[in-house]
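1. Got a sequence here, can you model it:
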Amino acid sequence: MNEPVSVREVMNREYVGVSESDDLLETTELLVREDESTALVLRGNDPVGVVSQRDILGYLVSDGDPASATVEDAMTESVPTVAPAIRLPEARDRMAAWSTDWVLVAEEGEPLGTLTEGDILSSARLESEATVDVADDDERRVAATQSAAADGTATAVDDTFEDQGICSACGTLTRDLASFNGQLLCVDCRDV
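-> Sure, this is the predicted structure:
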């Protein structure tokens, strides 16, 4: 199997950045226009917080005045951050511990991009693909089994987990995976 994928390989290098003094309504329009749920709040190049659609709604529900509000009024001051070199399983665990679906990727305090749950899910294929084509490996195994059975030297193939993978659709552990529309699928899911 391949080594786990690093955050740097799948992170989004573009993010929405705003300042604390930006108008909250304009920031909301920007988030909607960019189809983003969260904006990084920057003071110069330094991240000082985040403002999400949830933060904005919370501010409005608590009787905040949207006409005069700034990003600082609604933002969350903590910025969940990961380094670009960590592996995705560790980043996923940290996101779960922080109860967030979005983290800043930064190196030495410099923002490099963002990582979302969607980025992690879309990279599952990268982590599950074997370096050897599964179909070619299966053909070699069948040929070896047939040869051994013909010689009478063996009647079964070693059943190891190293040659198996997980179907992206149903989660079944199987040897017979094939790439279909960007997913590794088992026989049953390819037929659907």
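
2. Distance check, the residue nearest the centre of the chain against S21.
-> Nearest residue to the geometric centre of the chain (CA atoms, centre = their mean): I120, 1.1 Å. Remark: distance between I120 and S21 (CB to CB, to the nearest Å) = 33 Å. (Glycine included, C-beta is placed from N, CA and C.)

3. and stretch 89-103, C-alpha only, in PDB?
-> Coordinates of each C-alpha in stretch 89-103 appear next as PDB, following Å, rounded to 0.1, in the frame of the first residue of the first chain:
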ATOM      1  CA  PRO A  89      -5.200  10.500   9.500                       C
ATOM      2  CA  GLU A  90      -3.600  12.700  12.100                       C
ATOM      3  CA  ALA A  91      -5.200  15.900  10.700                       C
ATOM      4  CA  ARG A  92      -8.600  14.100  10.600                       C
ATOM      5  CA  ASP A  93      -8.100  13.100  14.300                       C
ATOM      6  CA  ARG A  94      -7.200  16.700  15.300                       C
ATOM      7  CA  MET A  95     -10.300  18.100  13.400                       C
ATOM      8  CA  ALA A  96     -12.500  15.600  15.300                       C
ATOM      9  CA  ALA A  97     -10.900  16.600  18.600                       C
ATOM     10  CA  TRP A  98     -11.500  20.300  17.900                       C
ATOM     11  CA  SER A  99     -15.000  19.600  16.600                       C
ATOM     12  CA  THR A 100     -14.400  21.500  13.300                       C
ATOM     13  CA  ASP A 101     -14.700  20.700   9.700                       C
ATOM     14  CA  TRP A 102     -12.100  23.200   8.600                       C
ATOM     15  CA  VAL A 103      -8.500  23.900   9.600                       C
END
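
4. what's in contact with that stretch?
-> 4, 7, 37-38, 50, 52, 80-82, 114-117, 120 (CB atoms under 8 Å, 6 or more residues apart in numbering).

5. Quick one: mean pLDDT for that stretch?
-> Mean per-residue pLDDT for stretch 89-103: 90.

6. did I read that right, A106 in a strand?
-> Yes - judged by DSSP: H, G, I helix; E, B strand; the rest coil, A106 forms part of a strand.

7. And the helices in this structure?
-> Ranges of helices within the chain are 7-10, 24-34, 53-61, 71-74, 88-98, 117-122, 124-128, 134-151, 187-191, based on DSSP state H.

8. Before I go, just wanted to say thanks for your time.
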